[in-house]
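S.K.: build the 3D model from these lines:
(chains A and B)
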Amino acid sequence: MAPGGGMRWATRTGPHVDRTACAWLIRYFIDSQADFVFVDDPDDVPEDATPFDMRGVELSHHDGDCTFETILRRYNLDDPVLWAIGRIIHQADLEDDRFDAPEASGLDALMRGLSMVRPDQEVLDLSAPLYDGLYEYLKRSAVTGRDPA
Amino acid sequence: MPPSDWVLLSYRVPREPSTPRIALWRKLRDLGVAKLGDGLVALPEDARTREQFEWIADEVEQAGGEASIWIGRPGSRKLERALVETMREEIGTEYRDLIALATEAEAAPSKRALGKLRRRLRKVKRRDYFPPPERERAEVAVEALAAAWHRVAA
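M.R.: Below you'll find the model as predicted:
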């Protein structure tokens, strides 16, 4: 589904909701061969890697958007289901009540908890199927116009 | 016990335009920061507080200001106690307001009032780093309102 790639992507250690969702988005919609590295300090980002969700980089929080939304914009991903996920990630990450997304606080708790008991790389592997499921769920609810059973 | 680590945000924003200034002020208030001085605020250090300060620092710079983040410890336990006491005092006021509102709403319980108070309680708890005794009382008061509403709705 995602066009080629095989690039390296770097983000901060201890990925929570925004970073896990971004990694999923990158792997499934931008770079199916994406390789993720985790760093403690922005200076440790490898030269050949694209950093995301870190201070002062392009793929990060911008103009009130969370990183997930920034990536959607930068890569012109206009799938409305991805934007629906973006609203949930926005509320979970920023808690600014910009969107009504009751799923947000549950998702945030799950991702925070997961990053406490599993190493970073594994957190991405374990959270990806959850975002697959969320995508499918929101797609069905968009099609039928109600909460899918 | 030695004083613990705090994350400090030092910032300076242009006086004009005022919109980013106000947005910044709101964000710092929502985070429940301790004000150490002009353009210097602090929070107990952890991954979340550090991240929040990082985003704020980014926004300050985007607004044409200057910001830097530091990790530091109060010079004495006495200073840390005073800092904690001030923060506990301030958050305690917010819990007392909530208790008053919840008690008042119990006279005519509504789902709307309950939702509003629960959201507000959640927000206050999020910026409560050193829970005062009022916290539990506020939780009890809001849940009492929930019970009252369920009795009316049943």
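S.K.: pretty sure B:Arg118 sits against B:Glu139.
M.R.: No. The criterion here is CB atoms under 8 Å, and B:Arg118 misses it with B:Glu139 at 10.0 Å. All C-beta atoms are positioned from the backbone trio N, CA, C, and that covers glycine.
S.K.: secondary structure class for B:Asp58?
M.R.: helix (DSSP: H, G, I helix; E, B strand; the rest coil).
S.K.: what separates it from A:Pro46, distance-wise?
M.R.: The gap separating B:Asp58 from A:Pro46 is 22 Å, by CB to CB, to the nearest Å.
S.K.: where do the strands sit along chain B?
M.R.: Per DSSP state E, chain B carries strands over the ranges B:6-12, B:34-37, B:40-44, B:66-72.
S.K.: looking at those strands, which is nearest to A:Asp53?
M.R.: With CB to CB, the closest approach to A:Asp53 among the strands of chain B belongs to strand B:66-72: 16.4 Å.
S.K.: do that closest one and chain A meet?
M.R.: No. Strand B:66-72 does not reach chain A (CB under 8 Å from any CB of the partner chain); its nearest approach is 8.8 Å.
S.K.: same thing with stretch B:47-55?
M.R.: Yes. Against chain A, stretch B:47-55 shows contacts by CB under 8 Å from any CB at B:Ala47, B:Glu54, B:Trp55.
S.K.: restricted to helices, list those residues.
M.R.: Residues of these located in helices (DSSP state H): B:Ala47, B:Glu54, B:Trp55.
S.K.: quick check: phi and psi on the closest residue to A:Met7 other than its chain neighbours?
M.R.: Once flanking residues are discounted, A:Met7 sits nearest to A:Asp31: 5.3 Å by CB to CB, 6 or more residues apart in numbering or on different chains. Here is the backbone geometry of A:Asp31 (degrees, to the nearest 10): phi -150, psi 100.
S.K.: separation between A:Asp31 and A:Phe52?
M.R.: Between A:Asp31 and A:Phe52 the computed distance is 12 Å (CB to CB).
S.K.: same question for B:Leu114.
M.R.: According to CB to CB, B:Leu114 and A:Phe52 sit 39 Å apart.
S.K.: of those two, give the one with the bigger neighbour count.
M.R.: More neighbours surround A:Phe52 than the other of B:Leu114 and A:Phe52, with 26 against 19 (other CB atoms under 10 Å in any protein chain shown).
S.K.: pretty sure the more buried one sits against A:His62.
M.R.: No. In this structure, A:Phe52 is not within contact of A:His62 by CB under 8 Å, at 11.7 Å.
S.K.: of the residues of stretch B:47-55 next to chain A - the most surrounded one?
M.R.: Counting neighbours by other CB under 10 Å, B:Glu54 leads those with 21 neighbours.
S.K.: can you give me the pLDDT of that one?
M.R.: Predicted confidence (pLDDT) for B:Glu54: 92.
S.K.: skipping its backbone neighbours, what lies nearest it in space?
M.R.: Closest to B:Glu54 by CB to CB, 6+ apart is A:Arg55, at 4.8 Å.
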